[in-house]
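Participant: Structure of the sequence below:
(2 chains)
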Amino acid sequence: MRMIQKIGEWLDLRLQLGRPIRETAEHPVPRETASWFYVFGSAALTCFMLQIVTGILLALIYVPSAGEAWNSLQTLNHDISLGWFIRALHGWGSNFMVAIVLIHMVQVFLFGAYKFPRELTWVVGVLLLLVTLGMAFTGQIMRFDQDAYWGLGIGASIASRVPVIGPWAVNLMLGGPIIAGATLSRFFALHVFVVPGLLIAFVGIHLLMVLKLGINEWPMPGRIVRRATYMQEYRELTHKQGIPFVPNAVGKDIVFSGFILLAIAACAIYFGPFGPGGKPDPTIIQTAPRPDFFFLWLYALLSFLPPSAETPILLIGPAIGIIVLLALPFLAGEGEKSWKRRPIAVLTILLIAVALGTMTHLGQHTPWSPVMDAWSSEPIPSQYVHGRTALERRGALVFQAKQCHNCHSLDERGGQRGPALDTVALRLTEDQLIRQVIQGGGNMPAYGKNLSPAETTALVAFLETLRPANQAPARDASRSVALGTGESATRP
Amino acid sequence: MSEQQGMSRRTMLVKVGIVLNGIVGAALAVPILRFLLSPVTREKKFGYESWLSLGGLEQFPAGQTRLATYRNPVVNSWDGETGDIACWVRNVDDQTFQVFAINCAHLGCPVRWFPQSSLFMCPCHGGAYYQDGSRASGPPERGLFQYKHKLEDGKIFIKAGEMPTPGRTANTKRGGMTCA
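Facilitator: Presented below is the predicted three-dimensional model:
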């Protein structure tokens, strides 16, 4: 023991770091901040450190070459002892890091921590969110599989829509005319040098400001932030009633960080690493590319934007979102901190959470995409062909053979791109069905060129049977009147 | 030498140093920028596109649409399979051909041809195109990208080399407006 103490003293005489470290560790914080609500920032930092360690380990094996990256991931998964586990830790660590950064941000927002004098801390935090998402996106490219390849295609297509410089932006992003070796190399450079460098710098500034300005006090309803008086009030909270950060407040941070590391390891062991999926061979087109979990909401949004508004929304929307986040502390730098007195703040969080949750759910199920194999894998339910005429059954065959089932469901099976057709005969008259099939419309392609008159007749005869047994099909009343026949003409 | 003179000499030296470093920095910025922008300048100088054979016409029977692949003209040895690009060749009547890019005109995902319904469908966001490449439904704003093509010596050649994207339409014709 004495030896260690002597070495310590020898080092401290030269480094002179002991005192500043002790002072930093023991700096007073408001009593109520030793709370389970204040653990997310340190947990995010813990995740980041795990990512650095596992990332360096992966870089020992990974080959950032378009021709070899996929093979080197297979080697990591199967040939290197516990390579799969390191990959799984890195993948799950990234998911946890994004999630915890978002939770941290929500907590900071609801606790009013962005208000005076911590505006810049919030601004740097927004930048940290952006670089974290940048790490997540570039990391997804490192897993150089089909999803990564076509994800780059989506990125290039978005970049190309920037007015004037779009085509240049694509060349710069891809490092050449197509997605290839140069593309992976530059995203590798971003993922392991540029973005982590920014992340480390921003974390440093963020932490420095937390220390200089002090952790946000627990918000009390009615305790209003005023620029003139806040510093004095905070000093009283910390110096008169405060507690030292170490050891009184740090315990919960350490326990929660340990719990998060345990959860990441558990997910890594139980679920294993992410992919890689199919080889990044663009001639294999039997693929349905999909982004990682945290970008599924964006993937869903891209299918719902109307074509005319898509480019402006794609290009201007993110800029507006970022500007709003950056401007928040300057627009609401004073006033009430407690979420109990800030209903709009709470509603905003709920609205964003519900919207992102819904979009993510849709992104997992992609109801807007045709089910490419429904025409050959989902039979027509037997009740829809039982006891039908030959013409109607012929129509059912046309329905399958012309792949109507890919977009229209029957008995909840098949595509959801178009409306379910189980009761279509109640909604559309025979004439309307013929018109819809031949001319399309309302986002349905026209099949006039692709169906013979006999096929159309059979298909519409089949569609006319799609209604509950005891309900009459939709009919054009005026037509019966004009022809002088039919029920409606004779009805009183 | 008075102290004031010494100070001014020292500040003078700092100023000279700053100016010197500024000049060197600016001089170094030029090659760095040129290096970074090389994918753009390379295209402006030489272009990325050239005429490539997709193979003999016998592979593309009349009235059918078939997948063809080619090796991108600009590749590096480490590009691996990413240098192989696919496209759809439609032989209308042995005289008229259309060659469509594999990339959806919406966001670049690979479209698939379904001869049964005579439609190209995209797996990403549900875009659909008619057999002549014109837009049928979904989010795309336009028809499929088409490569310039020519028939020579019983082979079909296309002018290709760049990934077609919605903003880079100069070298790709718009999809046909009429149903053929």
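Participant: Please parse chain B into its domains.
Facilitator: Residue ranges for the domains of chain B, per automatic domain parsing: B:3-36, B:48-160.
Participant: ok, and which of these has the densest surroundings?
Facilitator: Looking across those with neighbours counted as mean count of other CB atoms under 10 Å in any protein chain shown, the highest average goes to domain B:48-160: a mean of 20. Quick note: C-beta positions are derived from backbone N, CA and C, even for glycine.
Participant: Quick one: mean pLDDT for that one?
Facilitator: In this model, domain B:48-160 has an average pLDDT of 91.
Participant: where do the strands sit along chain A?
Facilitator: A:28-29, A:224-225, A:243-244, A:335-336 (DSSP state E).
Participant: who wins for proximity to chain A among the domains of chain B?
Facilitator: Chain A lies closest to domain B:48-160 among the domains of chain B, at 2.6 Å (CB to the nearest CB).
Participant: What distance do you get for the closest residue to chain B within the stretch 51-200 of chain A to A:I320?
Facilitator: Here the stretch 51-200 of chain A gets closest to chain B at one residue, A:G67, 2.6 Å apart by CB to the nearest CB. Per CB to CB, to the nearest Å, A:G67 is found 40 Å from A:I320.
Participant: So between these two, which is more surrounded?
Facilitator: A:G67 (20 against 10; other CB atoms under 10 Å in any protein chain shown).
Participant: List the contacts of that one.
Facilitator: Contacts of A:G67 were listed using CB atoms under 8 Å, 6 or more residues apart in numbering or on different chains, and they are A:181, B:77-82.
Participant: of those residues, closest to A:D281?
Facilitator: The closest of the contacts of A:G67 to A:D281 turns out to be B:E81 (CB to CB; 3.9 Å).
Participant: Doesn't that closest one belong to a strand?
Facilitator: No. Using DSSP: H, G, I helix; E, B strand; the rest coil, the assignment for B:E81 is helix, not a strand.
Participant: What sits closest to it if chain neighbours are left out?
Facilitator: A:D281 (3.9 Å; CB to CB, 6 or more residues apart in numbering or on different chains).
Participant: Which residue is the nearest non-sequential neighbour of residue 158?
Facilitator: Going with chain A. A:L314 (5.7 Å).
Participant: You answered for a different chain; I wanted chain B.
Facilitator: Per CB to CB, 6+ apart, closest to B:I158 is B:Y147, 4.0 Å.
Participant: Quick check: phi and psi on that neighbour?
Facilitator: The phi and psi values for B:Y147, taken as degrees, to the nearest 10, are phi -90, psi 150.
Participant: Was I right to think it contacts B:E162?
Facilitator: No. If you go by CB atoms under 8 Å, B:Y147 and B:E162 don't touch, sitting 10.3 Å apart.
Participant: For chain B, what's the nearest residue on the stretch 351-492 of chain A?
Facilitator: For the stretch 351-492 of chain A, CB to the nearest CB, closest residue to chain B: A:P445, 3.5 Å.
Participant: Just the buried residues of the helix ranked longest in chain A, please?
Facilitator: Criterion DSSP state H: the longest helix present in chain A is helix A:83-110. Residues of helix A:83-110 classed as buried by neighbour count (16 or more other CB atoms under 10 Å in any protein chain shown): A:83-102, A:104-105, A:107-110.
Participant: now swap in stretch A:40-54 and tell me
Facilitator: Quick answer for stretch A:40-54 (16+ other CB under 10 Å): A:40-48, A:50-51, A:54.
Participant: what does the stretch 151-300 of chain A have sitting close to chain B?
Facilitator: A:153-154, A:156-162, A:166-168, A:170-172, A:174-183, A:279-283, A:285-289, A:299 (CB under 8 Å from any CB of the partner chain).
Participant: Turn the buried ones among the residues you listed into a named PyMOL selection, would you?
Facilitator: Selection of buried members from those for PyMOL, criterion 16+ other CB under 10 Å:
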select buried, chain A and resi 153+154+156+157+158+159+160+161+162+166+167+168+170+171+172+174+175+176+177+178+179+180+181+182+183+279+280+281+282+285+287+288+289+299
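Participant: Now intersect the residues of the stretch 151-300 of chain A next to chain B with the helices, please.
Facilitator: A:153-154, A:156-159, A:166-168, A:170-172, A:174, A:181-183, A:299.
Participant: which residues touch the residue of the stretch 351-492 of chain A closest to chain B?
Facilitator: Here A:P445 is in contact with B:117, B:119, B:128, B:130, B:136-137 (CB under 8 Å, 6+ apart).
Participant: Let's see that with 10 Å instead.
Facilitator: A:407, A:439, B:117-119, B:121, B:128-130, B:134-138 (CB atoms under 10 Å, 6 or more residues apart in numbering or on different chains).
Participant: That one - nearest residue in space that isn't next to it in sequence?
Facilitator: B:A136 (3.5 Å).
Participant: repeat for A:T33
Facilitator: Distances taken as CB to CB, 6+ apart put A:I215 closest to A:T33, at 5.1 Å, once the chain neighbours are dropped.
Participant: Now do that neighbour: how many residues are near it, please.
Facilitator: Around A:I215 there are 20 residues (other CB under 10 Å).
Participant: close enough to count as contact, it and A:V29?
Facilitator: Yes. Between A:I215 and A:V29 there is a contact under CB atoms under 10 Å: 5.1 Å.
Participant: Give the residues shared as contacts by the two.
Facilitator: A:38, A:238, A:245, A:249.
Participant: I figured the first one hits A:F111, correct?
Facilitator: In this case it means A:Y38. Yes. Contact status for A:Y38 versus A:F111: in contact at 8.8 Å, counting by CB under 10 Å.
Participant: Which one's more surrounded, these two?
Facilitator: The neighbour comparison of A:Y38 against A:F111 (other CB under 10 Å) goes to A:Y38, with 23 against 20.
Participant: dump the residue contacts of the more buried one.
Facilitator: A:29, A:32, A:104, A:107-108, A:111, A:113, A:215-216, A:218, A:249, A:252-253, A:256.
Participant: Nearest to B:L36, out of these: which one, please.
Facilitator: Taking the contacts of A:Y38 together and measuring to B:L36 by CB to CB, the closest member is A:H104, at 34.3 Å.
Participant: That closest one - nearest residue in space that isn't next to it in sequence?
Facilitator: Nearest to A:H104 is A:F40, by CB to CB, 6+ apart, at 3.7 Å.
Participant: what's near enough to touch the one you found?
Facilitator: A:99-108, A:253, A:256, A:260.
Participant: A:R223: which of those residues is nearest?
Facilitator: A:V108 (17.1 Å).
Participant: any idea of the pLDDT on the closest one?
Facilitator: 95.
Participant: I'd guessed it sits against A:L128; true?
Facilitator: No. A:V108 is beyond contact range of A:L128, at 11.2 Å (criterion: CB under 10 Å).
Participant: Give the residues shared as contacts by the two.
Facilitator: With CB under 10 Å, 6+ apart, A:V108 and A:L128 have common neighbours A:G41.
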